[in-house]
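# Predicted model and sequence follow; I will ask about them next.
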Amino acid sequence: MSFTNEALTDFTAPQNVETYRTALAEVRTRLGADYPLTIGGHKLETGDWIESYNPGDTSQLIGRSAKGGQAEVDRALTAAWAAFRPWSAQPMDERIALVRRLADVMRRRRFELAAWMTYEAGKNYAEADADVAEAIDFCEYYAAQAPALAGEHETYPSPGERNTSLLVPLGAGVVISPWNFPLAIFTGMAVGPAVVGNTLVLKPSPDTPIVAQKFIECADEAGFPAGVFNLVTGADADIGDYLVDHPTTRFINFTGSLNTGIRINQRAAVVQPGQLWIKKVGLEMGGKDALIVDETADLDYAARMAVASGYGFGGQKCSAMSRLIAVETIHDELVERFVTLASELEVGPADENPDFSALINQRAKDKSLEYIDIGRETAQLLTGGETGSEAGHYVTPTVFADVEPDSRLAQEEIFGPVVSIIRARDFDHALGIANGTMFGLTGGLISQDRERLDRAKREFEVGNLYLNRKITGAFVGLQPFGGLRLSGTTVKAGGPYYLRQYLAEKTIAEKQLG
Ligand code: NAD
């Protein structure tokens, strides 16, 4: 079935900026509200709340979402299993129609949903708009992929027997998602398994519970049956392990950091009393993504691509360039251009549409500052390293040069606006440095040398390789997304094999009697 990506909004057009500002003003009047859990179609309060604040203005309450505990997880999984039988028995076409309706609701609420992300996640207009567009894309793309998986699939013929396979959904699974694409990733991780007949307990990041609540509003509006999507917001310490360990959790669809992913993988491997299956775990994790620039590159272009890759959304993308690897002969010229552009970036409140805004929380800010301290000792600080306004979790665009490839700065994921520049003798050396971490998410090469571009295709060990462009901004269906090595289990969101991972193959052999 055909699929086209949702067009991004052009914010060079003044009327679009105006529409966005109107949406922000409208959403502002609704900040601070309380939201219940959604379990089996019931709206439920628990008497306790997770509070969500604007990362760029920590005095502004975005909303409170009910704080679920273990009892709510039990209820949510029971509700998901109760919904599983009818939902999985529904024809694929009907589920697809609902997912498409969800896309329509999001299209209609596009600017409003984006405005919520500007307030809750600190996304500027283009980043928030792209997040909604990607959520819509996930709905439409998985809806387009699903029909091929329906029905009976013939195996090779055998005399006197009919052999077929059915692809059957797994059951009730758990979605554990990050805050950095609070609508897109959350939607994709929920809608993919659901369209092929699974039911879900959704546990968003405690940093962006209100955007998750907006997803539920959209799903309710689209008319999803009760129990298909159950939302349990809560604290990691209360419900994280509990969701993973639960004997009735059939699968876990996780996107987040390496440490959490490894913990989930280990715990999910333990078969609990009463458990009837081996839990299936899909992990999308972090990166230490590198862009290589060689001596054949156009350096103005390379510097622009590097700045876009390193500082889009303040470096808070798993795909963000955190290492810029420059070959010796052009190193100084590239660094000069890069630092000039990086230091011109505007940092401020997200509703004013700066280049990037505050980091998501105090922990994220502290982490960036900790690495900045390390960098001051072990490398050369060229710009940034400051905190900016104390109203929120701000860190200015920071560049370190002469970073040693094996140092902590060059090996560990920072997830902030801190870029390490590494000097390489030549292209060979650069490729070795690029591959020299435990991660393998995204990477790129800017070069006009065909042989090197081809070599990168073979030897650069990343799930998403970008040649002669920025290394962020994968589009659903065009660039299936997910990493190699410790960046993940190659789940490949937005790709043709994604849905298949939430289905089991059941084979039926029927003897032709008489
Ligand atoms: P995180 O690991 O802190 O949290 C991710 C999710 O796991 C959240 O919902 C969190 O509440 C939950 N969680 C935390 N502890 C848990 C536990 N013990 N059991 C179960 N769940 C638990 O990550 P984050 O800060 O939300 O997101 C940023 C990270 O996500 C970065 O490392 C980034 O690279 C990664 N990421 C990867 C991709 C990808 O596609 N590969 C995409 C986006 C983000």
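Structure's in. What do you need? Numbering: from 1, shown residues only.
# can you give me the mean pLDDT across stretch 66-81?
The average pLDDT within stretch 66-81 is 98.
# can you tell me if that stretch touches the ligand.
No: judged by C-beta under 6 Å from any ligand atom, stretch 66-81 stays clear of the ligand, getting no closer than 11.0 Å. Yep, even glycine has a C-beta here, placed from its N, CA and C like the rest.
# buried ones in that stretch?
66-68, 72-73, 75-80 (16 or more other C-beta atoms under 10 Å).
# Count the neighbours of the nearest residue to residue 243 once chain neighbours are set aside for me.
Excluding its sequence neighbours, the residue lying closest to residue 243 (C-beta to C-beta, 6 or more residues apart in numbering) is residue 174, at 4.9 Å. Using other C-beta atoms under 10 Å, residue 174 has 30 neighbouring residues.
# and if you look at the one 3 residues further on?
When neighbours are counted by other C-beta under 10 Å, residue 177 registers 26.
# Over to residue 35?
Residue 35, neighbours per other C-beta under 10 Å, totals 23.
# Check residue 16 too.
For residue 16, the neighbour count with other C-beta under 10 Å is 15.
# Could I get the pLDDT score of the nearest residue to residue 402 once chain neighbours are set aside?
Nearest in space to residue 402, with sequence neighbours left out and distances taken as C-beta to C-beta, 6+ apart, is residue 380 at 4.8 Å. pLDDT recorded at residue 380 is 98.
# wait, residue 380 sits on residue 400?
Yes: using C-beta atoms under 8 Å, residue 380 is in contact with residue 400, at 6.4 Å.
# Look at these two and report which has more neighbours.
residue 400 (27 against 13).
# Quote the end-to-end distance of stretch 189-206.
This stretch, stretch 189-206, spans 17 Å end to end (C-alpha to C-alpha, to the nearest Å).
# sorry, back to before: who does the residue nearest to residue 243 bridge with?
As for beta bridges, residue 174 partners with residue 201, residue 252 under DSSP bridges.
# where's it relative to the ligand, distance?
Distance, residue 174 to the ligand, using C-beta to the nearest ligand atom, to the nearest Å: 9 Å.
# Tell me which residues touch that residue, please.
200-203, 243-244, 246, 249, 251-253 (C-beta atoms under 8 Å, 6 or more residues apart in numbering).
# In CSV, list the buried residues of stretch 66-81 along with secondary structure.
CSV is the format used below for these (DSSP: H, G, I helix; E, B strand; the rest coil):
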residue, secondary structure
66, strand
67, coil
68, coil
72, helix
73, helix
75, helix
76, helix
77, helix
78, helix
79, helix
80, helix
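# What parts of the stretch 201-350 of the chain come near the ligand?
Counting by C-beta under 6 Å from any ligand atom, the stretch 201-350 of the chain sits next to the ligand at 203-206, 236, 240-241, 244, 255-257, 260, 263-264, 284-287, 318.
# try 5 Å
205, 236, 240, 255-257, 260, 284, 286, 318 (C-beta under 5 Å from any ligand atom).
# how about the closest residue to residue 462 other than its chain neighbours, phi and psi?
Excluding the flanking residues, the one nearest residue 462 by C-beta to C-beta, 6+ apart is residue 443, at 4.0 Å. For residue 443, the backbone dihedrals (degrees, to the nearest 10) come out as phi -170, psi 160.
# average model confidence for the helix or strand hosting residue 116?
Using DSSP states H and E, residue 116 maps to helix 110-121. What helix 110-121 shows for mean pLDDT is 99.
# repeat for stretch 238-249
According to the model, stretch 238-249 has a mean pLDDT of 98.
# can I assume residue 19 sits in a strand?
No: read with three-state DSSP, residue 19 is helix and lies in no strand.
# quick one, what contacts it?
residue 111.
# Same question for residue 420.
With contact set as C-beta under 8 Å, 6+ apart, residue 420 has these partners: 322-324, 375, 379, 400, 403, 409-410.
# which non-adjacent residue is nearest it?
residue 403 (3.8 Å).
# Under a three-state scheme, what state does the residue of the stretch 1-150 of the chain found nearest the ligand occupy?
Nearest to the ligand in the stretch 1-150 of the chain, going by C-beta to the nearest ligand atom, is residue 50, at a distance of 10.3 Å. Following three-state DSSP, residue 50 is assigned to strand.
# just checking, it touches residue 238?
No: Residue 50 is not in contact with residue 238 according to C-beta under 8 Å; the separation is 10.2 Å.
# Quickly list what's touching both of the two.
residue 67.
# related to what we said a few turns ago, for the helix or strand just after the helix holding residue 116, which helices and strands make contact with it?
Next along the chain after helix 110-121, taking DSSP H and E as the criterion, comes helix 125-145. Other elements packing on helix 125-145 under the criterion 3 or more C-beta pairs under 8 Å, 6 or more residues apart in numbering; DSSP states H and E are helix 14-28, helix 92-108, helix 110-121, helix 184-195.
# I'd like the ones you listed as JSON lines, with distance to residue 162 appended.
Listed next are these as JSON lines, based on distance: least, C-beta to C-beta, whole Å:
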{"stretch": "helix 14-28", "distance to residue 162": "56"}
{"stretch": "helix 92-108", "distance to residue 162": "22"}
{"stretch": "helix 110-121", "distance to residue 162": "48"}
{"stretch": "helix 184-195", "distance to residue 162": "28"}
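# Comparing those helices, which stretch has the densest surroundings?
Most buried of these by mean neighbour count (mean count of other C-beta atoms under 10 Å) is helix 184-195; its value is a mean of 27.
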